[in-house]
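> what shape does this take:
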Amino acid sequence: MSDASGTTAPTAASRRGTAHEPRRVAILSGPAYRVTGTPERVTPELAAELARVLERFAEECGFDAARPAAIEFRPGVVGHHRVGRAADIYGVCGAGMDRWKSRWDEALAEAAELPAHMAPRRLERERQRNLGWRLYNALQRLGRWSRPAGYPTQLFGPWTRSDGPWVHISDRLLRAHRDHIHVAK
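Predicted coordinates for the structure are as follows:
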């Protein structure tokens, strides 16, 4: 089992091919968002949770069926991915999570240089425009992600240290999720 991935005894047993292997389905697009990239097949529970949260995120950001948000998935290879209980989101609306994080860091640096009364306005502008940050926060606020006993909530990404839900993440785990958002159910 891996401390970094949150793999637990039940998921490790499933990897060995027991009769409890979960059924897997595709992550589907919704009315206000379009799935891009090559997501792996996941459990029906994870697919439903992602659909619910991604639709709400897209609607809150002003996307709709005529202009859906593009959400880029890529397959993962360790831990919960091996049993279909995890998914990795690498980009939103054509920009990678690493690019959204760079924009966020630039806004923080700019705000730190502004007079105190102007900084909150600069950060609020970035909060409205930064779809990566908004997606991470929607996943945190709206999602019901796995929390194996003794492991952190299975939501990691570039904003984990600043926005949680588990801010005391190891450097190794943070580096592994600097360019994507990982969710598990």
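
> all contacts plus neighbour counts: C-alpha atoms, from now on.
Fine.

> what sits closest to the spatially most central residue of the chain if chain neighbours are left out?
The chain has Ile181 as the residue nearest its centroid, 3.3 Å off, counting by CA atoms, centre = their mean. Distances taken as CA to CA, 6 or more residues apart in numbering place Gly157 nearest to Ile181, at 4.3 Å, with adjacent residues excluded.

> the chain: helices as residue ranges?
Ranges of helices in the chain, per DSSP state H, are 9-15, 44-60, 97-113, 119-129, 131-142, 160-163, 171-176.

> now render those as CSV, adding mean neighbour count and mean pLDDT.
Shown next, in CSV, are the helices of the chain (neighbours: other CA atoms under 10 Å; pLDDT from 0 to 100):
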stretch, mean neighbour count, mean pLDDT
helix 9-15, 15, 43
helix 44-60, 20, 97
helix 97-113, 17, 96
helix 119-129, 15, 94
helix 131-142, 20, 97
helix 160-163, 15, 90
helix 171-176, 13, 88
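
> out of those helices, flag the one nearest Ala86.
helix 44-60 (7.3 Å; CA to CA).

> identify the residues contacting that closest one?
Helix 44-60 is contacted from outside by 23-33, 64, 68-69, 85-86, 134-135, 138-139, 142-144, 184-185, using CA atoms under 8 Å, 6 or more residues apart in numbering.

> what does stretch 98-106 give?
126, 130-133, 158-159, 178-180.

> returning to what we had before: my guess is the residue nearest to Ile181 contacts His177. True?
Yes: Gly157 lies in contact with His177 (CA atoms under 8 Å); the separation is 4.9 Å.

> okay, these two: which has more neighbours?
Higher neighbour count among Gly157 and His177: Gly157, with 28 against 21, using other CA atoms under 10 Å.
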